[in-house]
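>>> show me the folded form of this:
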Amino acid sequence: MITVKKPSEINKMRVAGKLTGDALKFIEEKIKPGVTTAEVNAAIQEFIVAHDAKPSFLHYRGYPASACVSVNDVVVHGIPSGYVLQEGDIVSIDVGVVKDGWQGDAARTFAVGKISDGAQKLIDVTRECFFEGIKHARDGKRLGDLSSAIQRHAESHGYGVVREMVGHGIGRDMHEEPNVPNFGKEGTGVLLKSGYTIAVEPMINAGTFKIKFDPDGWTTRTADGSLSAHYENTILVRDGEPEILTL
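Alright, predicted model coming up:
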């Protein structure tokens, strides 16, 4: 069941969402060559805990870290490690925060030092996909309107749209109904209503849309080794422009 959030609940989600966005702004300054992905994770965890909140990813379904740190061809769920970020890498950081029982979830892809024009374009287009999609996150629109807008924008640049991983509803739980695909057909899917809160998260590959999984069961890579970018925010559906809770 999809829940319509009450004004008091939305206010709590605004607090959790702002902290999630702040964690990503905080970590952006620390993304540079020579830093390990484990150090990135530790800094995010410390930031969240220092603000009297909890990292919602830590131990979620057995996940071993507070952030997903996904480098280059890793689409999502990269487990932090001793890998040292290199000049020219791109790194997607996905963060979840639970504060006073309510969730925020957001992701960004960052450049490590100077990156190629192609990598920068992928990051930029992935972000654009999010904003193209949420033009349709309005009361009375169909979820397929949002999903198809993301797909059209990505594919117009020759990129692949990941199928197996999708966005989701969010509230007291990190993953609630409905699923929010980044591909679909206009005029289909769930009818959106004011008060729905959803995490919209385009995961866009420079090459094929197909993915593969590492033996750890978490790390998800592009099947052809191409770069992947990720851009996510938690949003509130309204009658009119949606509210982005994690910016």
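
>>> ranges for the helices of this protein?
7-28, 37-50, 117-134, 143-156 (DSSP state H).

>>> contacts for the second one?
Where contact means Cβ atoms under 8 Å, 6 or more residues apart in numbering, the residues beyond helix 37-50 that reach it are 19, 22-23, 26-27, 30-31, 54-55, 58, 65-67, 69, 71, 78, 80-83, 85, 91, 93, 95, 97. (Each C-beta comes from the backbone N, C-alpha and C, glycine too.)

>>> what distance do you get for the closest residue to residue 71 other than its chain neighbours to residue 78?
Nearest residue to residue 71 in three dimensions, chain neighbours excluded: residue 91, at 5.1 Å (Cβ to Cβ, 6 or more residues apart in numbering). Per Cβ to Cβ, to the nearest Å, residue 91 is found 8 Å from residue 78.

>>> who touches both of those two?
Contacts common to residue 91 and residue 78, judged by Cβ under 8 Å, 6+ apart, are 37, 69, 70, 71.

>>> thinking the last one is in contact with residue 93, fair?
What it means is residue 71. No. At 10.1 Å, residue 71 does not count as touching residue 93 under the criterion of Cβ atoms under 8 Å.

>>> more neighbours: which of these two?
Shown here are residue 71 and residue 93; by other Cβ atoms under 10 Å, residue 93 has more neighbours (25 against 19).

>>> next up, the contacts around that one.
Contacts of residue 93 were listed using Cβ under 8 Å, 6+ apart, and they are 24, 27, 31, 40, 44, 67-70, 107-110.

>>> farthest-separated two in those?
Maximum pairwise distance in those, criterion Cβ to Cβ, is 15.2 Å, between 44 and 109.

>>> centre of the chain to stretch 74-92, how far?
15 Å (Cα atoms, centre = their mean, to the nearest Å).

>>> touching, residue 77 and residue 218? I think so.
Yes. Residue 77 lies in contact with residue 218 (Cβ under 8 Å); the separation is 4.3 Å.

>>> what residues are shared contacts of these two?
residue 63.

>>> please look at residue 107 and residue 201 and confirm they touch.
Yes. Counting by Cβ under 8 Å, residue 107 touches residue 201, with 6.1 Å between them.

>>> what residues do the two have in common as contacts?
230, 231, 232.

>>> hang on, the last one packs against residue 94?
The reference is to residue 232. Yes. Contact criterion Cβ under 8 Å: residue 232 and residue 94 qualify, at 6.7 Å.

>>> okay, the two: which has more neighbours?
Higher neighbour count among residue 232 and residue 94: residue 232, with 25 against 22, using other Cβ under 10 Å.

>>> and the pLDDT at the more buried one?
Per-residue pLDDT puts residue 232 at 98.

>>> spatially nearest residue to it (excluding sequence neighbours)?
Nearest non-adjacent residue to residue 232, counting by Cβ to Cβ, 6+ apart: residue 201, 3.3 Å away.

>>> what's the separation between that neighbour and residue 123?
14 Å.

>>> so between these two, which is more surrounded?
residue 201 (27 against 21).

>>> hang on, residue 79 packs against residue 62?
No. Using Cβ under 8 Å, residue 79 makes no contact with residue 62, being 11.0 Å away.

>>> more neighbours: which of those two?
residue 79 (21 against 7).

>>> ok, that one - contacts?
Listed by Cβ under 8 Å, 6+ apart, the contact partners of residue 79 are 63, 64, 65, 68, 69, 216, 218, 219.

>>> which one of the residues you listed sits closest to residue 10?
residue 68 (25.8 Å).

>>> quick revisit: and the furthest pair within the shared contacts of residue 91 and residue 78?
By the measure Cβ to Cβ, 37 and 70 form the most distant pair in those, at 8.8 Å.

>>> those two: which is more packed in?
The neighbour comparison of residue 37 against residue 70 (other Cβ under 10 Å) goes to residue 70, with 28 against 24.
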